[in-house]
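[1] When you get a sec, could you give me coordinates for this:
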Amino acid sequence: MRLVIFISGVVIAISMVVAVADDRPVSDTYYGLIYDFEVAQFCGLVNQRVHDAFWAKRKMAKSQSEHSIEALRQIRIKAMAAADIEYANRGLGGYKPWCNTEGRAGIARIINP
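    Modelled structure (predicted):
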């Protein structure tokens, strides 16, 4: 009985993550910034310069956004979930080309004004 409850919980949790990732506002600047930083973190590409640029841009994006605090939180969660799912989809070693392309492009977007 405990196993059935556990499996049900896992299925529900996975469904929630997939639902969050499918409804992403790709054109949102804040979403893109969070997604780029998460990818860079997965790829081990974050250094002090990237970190500082990210936090400065995040602060600016939040202050200029017309979204509520709760909406920004939801956007952040969706972007983080999408990066996590994309990383998981890459499989063993498949993340390396992704990091060299999308990861490095994301860092360029974070660092450049």
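
[2] so how far is residue 86 from the residue nearest the centre of the chain?
    Ranked by distance to the mean C-alpha position of the chain (Cα atoms, centre = their mean), the top residue is residue 80 at 2.7 Å. For residue 80, the distance to residue 86 equals 11 Å [Cβ to Cβ, to the nearest Å]. Any C-beta I mention is one placed from the backbone N, CA and C, and that applies to glycine too.

[3] I'd say residue 53 and residue 109 touch.
    No. Under the criterion of Cβ atoms under 8 Å, residue 53 makes no contact with residue 109, lying 9.8 Å away.

[4] can you tell me which residues contact residue 29?
    The contact partners of residue 29, taken as Cβ atoms under 8 Å, 6 or more residues apart in numbering, are residue 61.

[5] Now it: phi and psi?
    Phi and psi for residue 29, reported as degrees, to the nearest 10, are phi -60, psi -40.

[6] Give me the pLDDT for it.
    On the pLDDT scale, residue 29 is placed at 88.
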